[in-house]
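*Asks:* here is the input, now give the coordinates:
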Amino acid sequence: MRTLDPATAVLAIAVGLVLIVLARLASRRRGSRADSWLALRVGDVLFTEMVGAFIVAFAIGDLVASDDEPGAPRRVGFGRFGGRFGGAGAALPLPLMLGIVAAALVALVRIDFSGLLMRGGTAENAASSYIGTSARVIAHIAAGGLGEIALPDGRGNLISVVATSDTHLTVGTAVRVTGVRDRHLVVARADSP
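*Replies:* Sure, this is the predicted structure:
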């Protein structure tokens, strides 16, 4: 016996696709109200997109699933362990299994694993991506000392970062990031070579 009739399954697929599109449109501006309340962002993962993927995969699984025995939905076991340990997790209905796999895949695609793959000092690798970026001093930087600069991050949002310089820099000075030293950005006046 199928969980959904074909018309309901097609409607569920449409609803799932609408949720996926809605989540992607709402998440265009990270941190916005739409991102928080419609996309339901949890870190890098969009919960609304996961729900949409689950619904689509569940409905497709329900449409293609055949009954192993009359009145029982097709079940997917976990290899040798399905029969040995029994219980509720031994075998799941195909639509449910497809829905869970689709939601997990959507989450895994969204998560940024690059920090796990970097070798060496990850902070310096990340900081070196700002070399050549223009910034502005927002807290006085003494020659050889530390201060603070404001620069755009990868998404264009302004962030403040601790920086050092070989020369004296006052608040409001336009600077360019020239390197990384001791995990701090090194800056120089924008007009200097």
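*Asks:* every contact and neighbour count from this point should use C-alpha atoms.
*Replies:* Noted.
*Asks:* and Leu19, which of the three is it?
*Replies:* Classification of Leu19 using DSSP: H, G, I helix; E, B strand; the rest coil returns helix.
*Asks:* which of the helices and strands in the protein ranks last by mean pLDDT?
*Replies:* Within the chain, judged by mean pLDDT, DSSP states H and E, the helix or strand with the poorest mean is helix 81-85; its value is a mean of 45.
*Asks:* enumerate every residue touching the residue nearest to the spatial centre of the chain.
*Replies:* Central residue of the chain (C-alpha atoms, centre = their mean): Asp44, 2.5 Å from the mean position. When contacts are counted by C-alpha atoms under 8 Å, 6 or more residues apart in numbering, Asp44 touches Arg110, Ile111, Asp112.
*Asks:* among these, which ones are in helices?
*Replies:* Judged by DSSP state H, the subset of the contacts of Asp44 located in helices is Arg110.
*Asks:* by pLDDT, give me the weakest of the contacts of Asp44.
*Replies:* Lowest pLDDT among the contacts of Asp44: Asp112, with 70.
*Asks:* nearest spatial neighbour of it, skipping sequence neighbours?
*Replies:* Spatially, and ignoring its direct neighbours in sequence, Asp112 is nearest to Asp44 (7.3 Å; C-alpha to C-alpha, 6 or more residues apart in numbering).
*Asks:* which stretches of this protein form helices?
*Replies:* 6-26, 33-37, 47-64, 81-85, 94-110, 114-117, 122-128.
*Asks:* what helices or strands is the second one leaning on?
*Replies:* This means helix 33-37. When contacts are defined as 3 or more C-alpha pairs under 8 Å, 6 or more residues apart in numbering; DSSP states H and E, helix 33-37 packs onto helix 6-26.
*Asks:* for the helix it packs on, buried residues please.
*Replies:* Within helix 6-26, the residues scored as buried using 16 or more other C-alpha atoms under 10 Å are 9-10, 12-14, 16-17, 19-24, 26.
*Asks:* what does stretch 28-36 give?
*Replies:* For stretch 28-36, the neighbour count (16+ other C-alpha under 10 Å) marks Ala34, Asp35, Ser36 as buried.
*Asks:* same deal with stretch 185-193?
*Replies:* Residues Leu185, Val186, Val187, Ala188, Arg189, Ala190 are the ones in stretch 185-193 that count as buried (16+ other C-alpha under 10 Å).
*Asks:* related to what we said a few turns ago, and the gap between the residue nearest to Asp112 and Ser32?
*Replies:* For Asp44, the distance to Ser32 equals 14 Å [C-alpha to C-alpha, to the nearest Å].
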